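Undergrad: How does the following fold in three dimensions:
(2 chains)
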Amino acid sequence: MINMQQRQTQLEQLVDDLLSEAKRQGATAAEAGVSSDAGLSLTVRMGAPETIEHTRDNGLGVTVYFGQRKGSASTSDFSPQAIKETVEAACNFARYTSEDPCAGLADAGLMATELPNLDLYHPWDLAVDEAIELATRCETAARDEDERIFNSEGATLNSHSGLHVYGNTHGFIGGYPSSHHSLSCAVVGKEGENMQRDYWYTLSRLSGEMELPELVGKVAAQRTVSRLGSRRITTQQAPVIFQADVAVGLLRSFIGAIRGSALYRKASFLLDSLDDQVFPGFVNIHEEPHLLRGLASAAYDNEGVATTQWDYISDGILQSYVLDSYAARKLGMQTTGNAGGVRNLRINSGALDLQGLLKKMDSGLLVTELMGQGLNMVTGDYSRGAAGFWVENGEIQYPVEEITIAGNLREMFMGLQEVGTDVETRSSVQTGSWLIDRMMIAGG
Amino acid sequence: MSDLIQIAQDTILAPVGLIETDLDRMLGELTSSAIDAADIYFQSSRLESWVLEDGIIKEGSYSIEQGAGIRAISGDKTGFAYSDELQLPTLLEAAKAARAITRSGAERSVQITGLPTPRQLYAPINPLPSLTETDKVDLLRRVDAEARKQDPRVRQVIVSLVGAQDVVLVAAIDGTLNADVRPLVRLNVHVIAEQNGRREQGSSGGGARKAFDFFLQEERALGYAREAVRQALVNLDAIEAPAGTMPVVLGPGWPGVLLHEAVGHGLEGDFNRKGTSAFSGRLGEQVASSCCTVVDDGTLPGRRGSLNVDDEGTESQCTVLIENGILKGYMQDKHNARLMKVDSTGNGRRESYAHLPMPRMTNTYMLAGESDPEEILSSVEKGLYAVNFGGGQVDITSGQFVFSASEAYLIENGKVTRPVKGATLIGNGPETMTKVSMVGSDLKLDAGVGVCGKEGQSVPVGVGQPTLKIDELTVGGTGQ
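TA: Residues are numbered from 1 along each chain as shown, chains lettered A, B, ... in the order given. Next comes the predicted model:
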């Protein structure tokens, strides 16, 4: 296996070749990205290996500009012939796209000049037999946890390492290797006629920081068993707690609503909300792109723009949108270095853990799973399938399913009562559980 | 030799200098006494997409992908490796990695057997050059203009046009050698309308395994524009959707996403072999009301979900899943069929060479019944009439499924009255299907924009149904 430093030099050369070819074919500006990723993905089910996949993915993409017109092309083929043809295809498209005053590279002055090592690369020298053993330990722990666990979808171990290099004709070029490893487990339980499945997983850039396989299996089994005997509840209004792993989705929806592309298309319920109160005064939402080993850390964004710490919500007030340079130009603003999305977002927690939140809610619904895509970003109308637990006197009473919860995200954000200390750390968007004052629950 | 195999060999193998004896060598590498099944899947695909936004052609992009996936199966163990470099040494190495799941045994030789019968559910064309770039751009502009001229309240129009050609070649140690050349085009229109500060959206689109001129015929593309605007305007007047359990009437066509979620996934062979589906072990049982007959049909000419052969080289077919309410069959790929000792139903599909095949739907729909759609609506005193949907999702183990209405109306005293906001509907698959009490005579298939996701793999699919009535379904609105 060739080392990463050599591979990075090769990919940088490829980017350079793409940009030179673009200029040779008459482009006034161009940008290119190349990635190469390899790994192992393996599933053990009912105590035996089920699938062993060796993955190896390559991709390159180029965008060319002829003045204000733009064209793009991509391929998985790294041969010199393919590079020439890919650039040709991009240039051909640029003949037919329109003059767009907002099109173009990000401004040269914004390019990242310092590229600190963010410690994202920790390859795991994992033999197939060892991987099988880890997944087996995980699944066995799940199957042994409770006699009601009678079937399994297996335990899956993924370990991947890759390189990504980006460059543009401002002279910017950056690249870095990264790794990610995960172990997940899903099992099926039965009680009478009722059958339920649930899962758990651990995820990290560094294999040593993953949860132990036995713990992942045990939690998967406990989550599955806790759902057995789920029933419906009657249609009513009630307070709702979104457990941290599903609250992540609410925070992502907030980010989706302040993303530049949704705003200039007028496709957001938070249109023209800058400097408005969007959350209660205790809420702060902050982005930290340079966290060491962070799941979404990067020193520069997908346009080469330097990333920086950023506050989106301070004391409940919307401080900034999430912008790349195109959306920024459309809105007459400056890019926030977020081409490709937000990097390590966090909402501040209060003082209560999940138990504390249940006590504070007293009576209501704890949501642990959401189903479907029932969110209208234009209006904020929210209606999704849900499963979880009914809570009375601050204590979980019984599992519930086949219900929906509905509201409007604008009101749900303002109705946020408390964010838990039980932060979901397996995501680039991190939050504790959310207690929301009131939602409509539809059931039997 | 079939034309499709010839095209596939010319497109994929010839440019990289691979010949048929190389296939034999690779298959030979995969055979041993411990291997029950193995295949090599070559794919070459090209895709282009265009986006119009704010009245200008904002984006045009092209991608070309090719590679091979190599799979070896021993018992219920699968080894898999793939490569985007189609060079013999690389492929032989991938074959070695795939078969490493078993201890090696004696090699066997592979004989490519019976030649497939030629079949053409769609022409083996590349749709990309079927219109000139100028004509594609012109089409997008006309769709934009059509949407904007419908109503001054239209504020934003986004039109996207996608064309793709997928050439696949499958060789397996069971003697299979088959190929397919699959064209696919799609056009989508998304509209935002505004009235007194309130904004709402509407969207429409269609597609097929045809050339781009599909959109020019019968003013289809312009029709999508008018339909997207109509939906957005309807939603401008929508009131809160009701919350609770009530009778629901689903319109014909795309609302067939109900079947895809409520029964389709639960009848895929892998879940039933493993016993993790709410439908597991229920063949021959009543799982739906007697007015329900549901099929998965990959043989409809030109449809988005259709396939001449699946990604394992098996001819697609029309599989009866539920007949008059009785569970008749599962959808199978070769691997799960072999383990369940049945035949593949031609439902082995994969997103690409870099993914393992599994049982997937093609075009899933309910056959027409006898009721007049008007009569179905007039039978409901108070309920919901849902005619357009976004996506859905299912938990195949508990049977819970959801699908989200994007255009719906109240039914009051047998009459369709006011439009209501989008809402998620939730039910339990096997239970909900027993509550289908009326099935209309108006079977309609969707317009051809469906994408199904399973275990991270996306494939194009179709759905369809006649108007139907479900006596009780939970509607997730905000109204009391």
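Undergrad: State the distance from B:E472 to B:D36.
TA: 46 Å (Cβ to Cβ, to the nearest Å). The way it works is simple: take the backbone N, C-alpha and C, and place the C-beta from them, glycine included.
Undergrad: Okay, now the unreliable bits of chain B?
TA: In the predicted model, chain B carries pLDDT under 70 at residues B:1, B:103-118.
Undergrad: Considering only it, name the residue that lies closest to chain A.
TA: Proximity to chain A, evaluated over chain B using Cβ to the nearest Cβ, is greatest for B:G476 at 2.6 Å.
Undergrad: Could you tell me how many residues sit around that residue?
TA: 32 (other Cβ atoms under 10 Å in any protein chain shown).
Undergrad: same deal with A:D57?
TA: A:D57: 16 surrounding residues under other Cβ under 10 Å.
Undergrad: Identify the bridge partners of it.
TA: Assessed by DSSP bridges, A:D57 has beta-bridge partners A:D37.
Undergrad: was I right about it contacting A:V34?
TA: No: in this structure, A:D57 is not within contact of A:V34 by Cβ atoms under 8 Å, at 11.7 Å.
Undergrad: Show the backbone phi and psi for B:S130.
TA: phi -70, psi -10 (degrees, to the nearest 10).
Undergrad: distance of it from B:V159?
TA: 18 Å.
Undergrad: So for the two, which residue has more residues nearby?
TA: Taking other Cβ under 10 Å, B:S130 and B:V159 do not tie; B:V159 has more neighbours (27 against 17).
Undergrad: Doesn't the more buried one belong to a strand?
TA: Yes: according to DSSP: H, G, I helix; E, B strand; the rest coil, B:V159 belongs to a strand.
Undergrad: check contacts around it.
TA: B:V159 is in contact with B:V51, B:L52, B:E53, B:L140, B:V143, B:D144, B:A147, B:L187, B:N188, B:V189, B:H190, B:A225, counting by Cβ atoms under 8 Å, 6 or more residues apart in numbering or on different chains.
Undergrad: As CSV, these with distance to chain A, neighbour count and secondary structure would be great.
TA: Below are the contacts of B:V159 laid out as CSV (distance: Cβ to the nearest Cβ, whole Å; neighbours: other Cβ atoms under 10 Å in any protein chain shown; DSSP: H, G, I helix; E, B strand; the rest coil):
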residue, distance to chain A, neighbour count, secondary structure
B:V51, 9, 18, strand
B:L52, 9, 23, strand
B:E53, 7, 22, strand
B:L140, 10, 24, helix
B:V143, 15, 26, helix
B:D144, 11, 23, helix
B:A147, 14, 28, helix
B:L187, 17, 27, strand
B:N188, 14, 19, strand
B:V189, 14, 28, strand
B:H190, 8, 20, strand
B:A225, 17, 27, helix
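Undergrad: Of these, which is the nearest to A:A73?
TA: Nearest to A:A73 among the contacts of B:V159, counting by Cβ to Cβ, is B:V51 at 14.6 Å.
Undergrad: Tell me which residues touch the closest one, please.
TA: B:V51 sits next to B:I57, B:K58, B:E59, B:G60, B:I158, B:V159, B:S160 when contact means Cβ under 8 Å, 6+ apart.
Undergrad: Quick check: the second one touching A:D100?
TA: Yes: B:K58 lies in contact with A:D100 (Cβ under 8 Å); the separation is 6.0 Å.
Undergrad: overlap in contacts of the two?
TA: Common neighbours of B:K58 and A:D100 (Cβ under 8 Å, 6+ apart) are A:K70.
Undergrad: ok, and the closest non-adjacent residue to the residue of chain B closest to chain A?
TA: Using Cβ to Cβ, 6 or more residues apart in numbering or on different chains and skipping the chain neighbours, the partner closest in space to B:G476 is A:T404 (2.6 Å).
Undergrad: same deal with B:D39?
TA: Counting by Cβ to Cβ, 6+ apart, the nearest residue to B:D39 once its immediate chain neighbours are dropped is B:A172, at 3.8 Å.
Undergrad: where's the one you found relative to A:A327, distance?
TA: Taking Cβ to Cβ, one finds B:A172 at 48 Å from A:A327.
Undergrad: mind giving me the domain split of chain A?
TA: Per automatic domain parsing, the structural domains of chain A span A:4-225, A:230-444.
Undergrad: Now render those as JSON lines, adding mean pLDDT.
TA: Output for those, formatted as JSON lines (pLDDT from 0 to 100):
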{"stretch": "domain A:4-225", "mean pLDDT": "96"}
{"stretch": "domain A:230-444", "mean pLDDT": "97"}
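Undergrad: got JSON lines for those domains, with distance to B:A368 too?
TA: Shown next, in JSON lines, are the domains of chain A (distance: least, Cβ to Cβ, whole Å):
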{"stretch": "domain A:4-225", "distance to B:A368": "33"}
{"stretch": "domain A:230-444", "distance to B:A368": "28"}
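Undergrad: Just the C-alphas of stretch B:362-375, formatted as CSV.
TA: C-alpha atoms of stretch B:362-375 as CSV (Å, rounded to 0.1, in the frame of the first residue of the first chain):
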residue,chain,number,x,y,z
THR,B,362,-39.8,-2.3,-9.7
ASN,B,363,-43.4,-0.9,-10.4
THR,B,364,-45.7,-1.8,-7.6
TYR,B,365,-49.4,-1.2,-7.9
MET,B,366,-52.9,-2.3,-7.0
LEU,B,367,-55.2,-3.6,-9.7
ALA,B,368,-58.4,-1.7,-10.4
GLY,B,369,-61.6,-2.5,-8.5
GLU,B,370,-65.2,-1.9,-9.3
SER,B,371,-66.2,1.2,-7.4
ASP,B,372,-66.8,4.5,-9.1
PRO,B,373,-64.4,7.1,-7.6
GLU,B,374,-67.3,9.5,-7.0
GLU,B,375,-69.2,6.9,-5.1
